[in-house]
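A.B. asks: Dropping a prediction and its sequence here:
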Amino acid sequence: KLLAAKDYDGFEQLAMKDRSMTSPFGSGLSPISLFYEAIAGTPNPTNPDTFKKEIDSLNAWVQSRPNSVTAKIALADATSWDAWYARGGGYANTVTDDKWAVFNHKLQQAADLLNSVKDKRKSYPHWYFVIERVGRGQSWNKEDFLKITQEGTSLYPKLPEIYSAAVIYLLPRWSGSNGDVVDYVTKSADWLGGDDGDILYARLAK
């Protein structure tokens, strides 16, 4: 309703409230991640026109509030999902050259949006989650990827989605191995410690 009404001030207030709530819900997602999921979530393959309208609405928000970090992260989030939708879910050798071109172009658009607010990223936990999705698609090297992930988890240690995105990156199908996954999950849980560490381990190892 806020998006349809172009109530951008309402958006900013809601996002600020959700960012202040660091405890994840039972789903393992933080309130701020659910905020972005509601307005920039995974595209519906049966109705791509609906997702295009969402991106157009987010573009309008960015144009209306060019200094809004929240708006740019939302547009980057939606654009990165759009990139993965364009690529398709098959193995790399099944993706056509045309699809690779669209995928890479949209991922770079998302990266450019995130980089434009990079100096403010530490106050915006969802920035890390989206940059991880972009980094996986752009095949970042492991050192660079884990460096930015560690920064995110150090700032927001109880936001499981940042860890989850790292686990996906470390899967053998992307840029790691089973050993990398086990090592990352174990070390992350031990670092967090206590009941929170045990809960994180259960979520990541499922």
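C.D. replies: Structure's in. What do you need? Numbering: from 1, shown residues only.
A.B. asks: Thought residue 116 was touching residue 76, still the case?
C.D. replies: No. Applying C-beta atoms under 8 Å, one finds residue 76 not in contact with residue 116, separated by 9.1 Å. C-beta here means a position set from N, CA and C on the backbone, and glycine is covered the same way.
A.B. asks: and the most centrally placed residue in the chain, what is it in contact with?
C.D. replies: Centroid check for the chain by C-alpha atoms, centre = their mean gives residue 130 as the closest residue, at 2.6 Å. Residues near residue 130 by C-beta atoms under 8 Å, 6 or more residues apart in numbering: 73, 76-77, 80, 110, 114.
A.B. asks: quick one: buried residues of the strand or helix carrying it?
C.D. replies: Using DSSP states H and E, residue 130 sits within helix 125-137. For helix 125-137, a neighbour-count test (16 or more other C-beta atoms under 10 Å) marks 125-137 as buried.
A.B. asks: Restrict the helix or strand that that helix is followed by to CA atoms and write it as CSV.
C.D. replies: Sequence-wise, the next helix or strand downstream of helix 125-137 (DSSP H and E) is helix 142-155. Taking Å, rounded to 0.1, in the frame of the first residue of the first chain, the C-alpha atoms of helix 142-155 are listed here in CSV:
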residue,chain,number,x,y,z
LYS,A,142,36.6,-16.3,-2.0
GLU,A,143,38.9,-13.9,-0.1
ASP,A,144,37.0,-10.8,-1.2
PHE,A,145,33.6,-12.4,-0.7
LEU,A,146,34.3,-13.6,2.8
LYS,A,147,35.9,-10.3,3.8
ILE,A,148,32.7,-8.4,3.1
THR,A,149,30.6,-11.2,4.7
GLN,A,150,32.7,-11.1,7.9
GLU,A,151,32.3,-7.3,8.1
GLY,A,152,28.5,-7.9,7.9
THR,A,153,28.4,-10.6,10.5
SER,A,154,30.7,-8.6,12.8
LEU,A,155,28.3,-5.7,12.7
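A.B. asks: Relative to the whole chain's centre, how far out is helix 142-155?
C.D. replies: Helix 142-155 sits 13 Å away from the centroid of its parent chain (C-alpha atoms, centre = their mean, to the nearest Å).
A.B. asks: List of residues touching it?
C.D. replies: 122, 125, 127-129, 131-132, 135-136, 159, 162-163, 165-166, 169-170, 175-176, 180, 188.
A.B. asks: Could you report the neighbour count for residue 100?
C.D. replies: Residues near residue 100, counting by other C-beta atoms under 10 Å, number 13.
A.B. asks: Three-state assignment for it, please.
C.D. replies: Of the three states, residue 100 takes helix under DSSP: H, G, I helix; E, B strand; the rest coil.
A.B. asks: Now do it, the pLDDT please.
C.D. replies: Looking at residue 100, its pLDDT stands at 95.
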